[in-house]
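Colleague: compute the structure for the input listed below.
(one chain, ligands or ions: 1)
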Amino acid sequence: MSLVKIAPSILSADFSRLGEETRDVVDAGADWVHLDVMDGHFVPNITFGPDVVKKLRRWTDAFFDCHLMISPADPYLEAFARAGCDRLSVHAEAGPHLDRSLQFIRSLGKQAGVALNPSTPASAVEYVLDRIDLVIVMTVNPGFGGQKFIPSQIDKIRQLRAMIGDRPISIEIDGGVTPETAPLCAAAGADVFVAGNAVFKDGPEHYKRHIGAIRAAADQAFRAQAA
Ligand SMILES: O=C(CO)[C@H](O)[C@H](O)COP(=O)(O)O
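Modeller: All right, here's what the predicted structure looks like:
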């Protein structure tokens, strides 16, 4: 049984076949489906909104891990919750009131997460630890798939793992995850891996192999640091 989770990002899927792609990646062994919502304002790209999430719900009952790269996020939280997201993660930088956003997410009956841009310190979540289930460490600047992993974030992962202590909070890595970079993060204490390009790059017949390769590399490193 794997100690780490793999959450393929459908940002790198074929958007003209999003339902089939979501089903296929779940069938290939994805633990969660990562949904990257972008607004063309907080990040320089636009993806999809709650109506698309609602339609994707028809294709799978897998856990929907929704990463909101939008500002402000609060006016849209209820719509994404109703559309079928299981967790809503907002950016610490998106403002204006992180604590209020997290309280609102939990009041909707959903898990809550906070995402940190590469330049944002770990301390940004220090006073909301009792309100979150997950921290996303962005290992690229948000907005696009297929970017290069930023190694300076490994130190942040270590700081977060120490800060979290015994609390049931996952550390999710998002950006440039591969079988080479995932174990570096797992060794620092990360237990969830978002992968877009590394899973979707070769088409559906290769999803299982790519998910398996990231999982095997990360799981081994995570077990070693936990021992
Ligand atoms: O949040 C994201 C971009 O803002 C994506 O989830 C992330 O970049 C994953 O894509 P890849 O694995 O191709 O880097």
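Colleague: the nearest residue to P151 once chain neighbours are set aside: how many residues sit nearby?
Modeller: Nearest non-adjacent residue to P151, counting by Cβ to Cβ, 6 or more residues apart in numbering: L184, 7.4 Å away. Glycine gets a C-beta too; all of them are placed from N, C-alpha and C. By other Cβ atoms under 10 Å, 19 other residues sit near L184.
Colleague: what mean pLDDT does stretch 157-166 have?
Modeller: Mean per-residue pLDDT for stretch 157-166: 98.
Colleague: what's the helix or strand for the residue nearest to P151?
Modeller: helix 182-187 (DSSP states H and E).
Colleague: tell me if that helix is near the ligand.
Modeller: No - judged by Cβ under 6 Å from any ligand atom, helix 182-187 makes no contact with the ligand; its nearest approach is 10.3 Å.
Colleague: send me that helix as PDB with only the CA atoms.
Modeller: Extracted in PDB, the C-alpha atoms of helix 182-187 (Å, rounded to 0.1, in the frame of the first residue of the first chain):
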ATOM      1  CA  ALA A 182       9.300  13.600  -6.800                       C
ATOM      2  CA  PRO A 183      11.700  11.700  -4.500                       C
ATOM      3  CA  LEU A 184      13.600  14.800  -3.700                       C
ATOM      4  CA  CYS A 185      10.400  16.300  -2.300                       C
ATOM      5  CA  ALA A 186       9.200  13.100  -0.600                       C
ATOM      6  CA  ALA A 187      12.600  12.900   1.200                       C
END
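Colleague: can you show me the helices along this structure?
Modeller: Per DSSP state H, the chain carries helices over the ranges 18-27, 50-56, 74-83, 98-107, 153-164, 182-187, 197-200, 207-226.
Colleague: could you give the average pLDDT over the second one?
Modeller: pLDDT averaged over helix 50-56 equals 98, rounded to a whole number.
Colleague: show me what it is packed against.
Modeller: Using 3 or more Cβ pairs under 8 Å, 6 or more residues apart in numbering; DSSP states H and E, the elements in contact with helix 50-56 are helix 18-27, strand 32-38, strand 63-69, helix 74-83.
Colleague: repeat that for the third one.
Modeller: For helix 74-83, the contact count by 3+ Cβ pairs under 8 Å, 6+ apart identifies helix 50-56, strand 63-69, strand 87-91, helix 98-107 as packing neighbours.
Colleague: surely F48 touches V37?
Modeller: Yes - contact criterion Cβ atoms under 8 Å: F48 and V37 qualify, at 6.7 Å.
Colleague: how many residues are close by V137?
Modeller: Other residues near V137 number 26, with proximity taken as other Cβ under 10 Å.
Colleague: quick check: it vs V52, distance?
Modeller: V137 sits 26 Å away from V52 when distances are taken as Cβ to Cβ, to the nearest Å.
Colleague: now render the helices and strands packed on helix 74-83 as JSON lines, adding mean neighbour count and distance to F15.
Modeller: Formatted as JSON lines, these follow (neighbours: other Cβ atoms under 10 Å; distance: least, Cβ to Cβ, whole Å):
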{"stretch": "helix 50-56", "mean neighbour count": "17", "distance to F15": "9"}
{"stretch": "strand 63-69", "mean neighbour count": "25", "distance to F15": "16"}
{"stretch": "strand 87-91", "mean neighbour count": "27", "distance to F15": "21"}
{"stretch": "helix 98-107", "mean neighbour count": "18", "distance to F15": "26"}
